[in-house]
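Asks: This is a predicted model, with the sequence first.
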Amino acid sequence: MKRRFSTFDEFWLHYVREHSKAETRKWHFVGVSLGLACLAGSVVTRHRWLALVAPIVGLAPGALSHFLIEKNTPLVEHPLWSLRADLLMWRKMLEGTMDDEVERAFDIEPRPVADPGVNMRTDGTLH
C-alpha cells in the first residue's frame, strides 16, 4: 500500500522508522559514500561512466540491507524525497545524531506492539 505524504517532514518520519536498525543505516552510509565518491571521481577524472554507475553503486547496498536486515522494502514512491532523506541520514550519521533521530521518530509514533504469539528477541527482531 502506497502511503501519502504531504510534506518532507512526514516522509522523513516514515523514512527514519523504515531505517530503525543501525546495520541498515550503516549500509546506506556505505552506499551513499560510494555514490558520492563516484560522482566526485567523475568530475576529477572526467570519466563519465563513473557518474553513470554512481546511482547503482550508491543505492545497491542500502536496497539490499532493506531485504536482508530491516526485512522491509526500500521507499521508491518518492524518489527525490528518498534521495534527500538518504543524504540527510548520511549527514546525521557523520554528525553522530542519527541514533537520536531514530529515537525521536519512535517517540512521536511508538513501535507497534508485538503479537504475543510472535517470538521476539529483546532487540525487537524476529527469530
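Replies: In hand now; what should we look at? Numbering: from 1, shown residues only.
Asks: Can you give me the neighbour number for M89?
Replies: M89: 22 surrounding residues under other Cβ atoms under 10 Å. Just so you know, the C-beta spots here come from the backbone N, C-alpha and C atoms, and that holds for glycine as well.
Asks: Now name the helix or strand holding it.
Replies: Per DSSP states H and E, M89 falls inside helix 79-95.
Asks: Could you point out the helix or strand that follows that helix?
Replies: Per DSSP H and E, the first helix or strand lying C-terminal to helix 79-95 is helix 98-108.
Asks: for the helix holding M89, which positions count as buried?
Replies: 81-82, 85-86, 88-90, 92-93 (16 or more other Cβ atoms under 10 Å).
Asks: so what does it touch, helix or strand wise?
Replies: helix 8-17, helix 22-45, helix 98-108 (3 or more Cβ pairs under 8 Å, 6 or more residues apart in numbering; DSSP states H and E).
Asks: Which of those sits closest to V57?
Replies: Among those, helix 22-45 comes nearest to V57, with 4.7 Å by Cβ to Cβ.
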